[in-house]
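# Provided below are the primary sequence and the corresponding predicted coordinates.
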Amino acid sequence: MHDIGETSWQEPSDNAYIRAVDAWYVVGHDQPGAMGHTLASFGEQDQAKKFSDEHGGEVIRFEDIDLELLGELGRGELDAGAP
């Protein structure tokens, strides 16, 4: 996963990775991903919180990600900018 706390959202660096199980995630934010709605991943909780404050969404951990959440994300149901 790209560590968005260490790289740009628009052009993520392939030198800024974090292990998925260690990351903090923001789900339901207003930033578009390359393939639609996506989780934003961060190495630090405070970075995830700051992103959430600026772009909406909820801060979660890896353990909170399940098929139901991914389905909602894929259908655009968690997008902060969705109607």
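Cool, got the structure.

# and Asp30, backbone torsions?
Here is the backbone geometry of Asp30 (degrees, to the nearest 10): phi -100, psi 10.

# no, scratch that, I was asking about Tyr17
Dihedral angles (degrees, to the nearest 10) for Tyr17: phi -110, psi 160.

# What distance do you get for it to Arg75?
28 Å (Cβ to Cβ, to the nearest Å). Yep, even glycine has a C-beta here, placed from its N, CA and C like the rest.

# if you count what's nearby, which of these two comes out ahead?
For Tyr17 versus Arg75, neighbours defined as other Cβ atoms under 10 Å are more numerous around Tyr17 (16 against 12).

# I'd like to know the beta-bridge partner residues of that one.
Beta-bridge pairing of Tyr17 under DSSP bridges involves His2.

# Am I right that it is in contact with Asp3?
Yes. Counting by Cβ atoms under 8 Å, Tyr17 does reach Asp3; the two are 6.4 Å apart.

# in which helix or strand would I find the residue nearest to Ser52 when sequence neighbours are not counted?
Nearest residue to Ser52, sequence neighbours excluded (Cβ to Cβ, 6 or more residues apart in numbering): Val26, at 4.8 Å. Under the criterion of DSSP states H and E, Val26 resides in strand 24-27.

# List of residues touching that strand?
39-45, 47-48, 51-52, 55, 57-62, 64-65, 69, 73, 78 (Cβ atoms under 8 Å, 6 or more residues apart in numbering).

# Show me the residues you listed that map onto helices.
Using DSSP state H, 45, 47-48, 51-52, 55, 69, 73 are the members of the contacts of strand 24-27 that sit in helices.

# Drop anything exposed from the residues you listed.
47-48, 51-52, 55, 69, 73 (16 or more other Cβ atoms under 10 Å).
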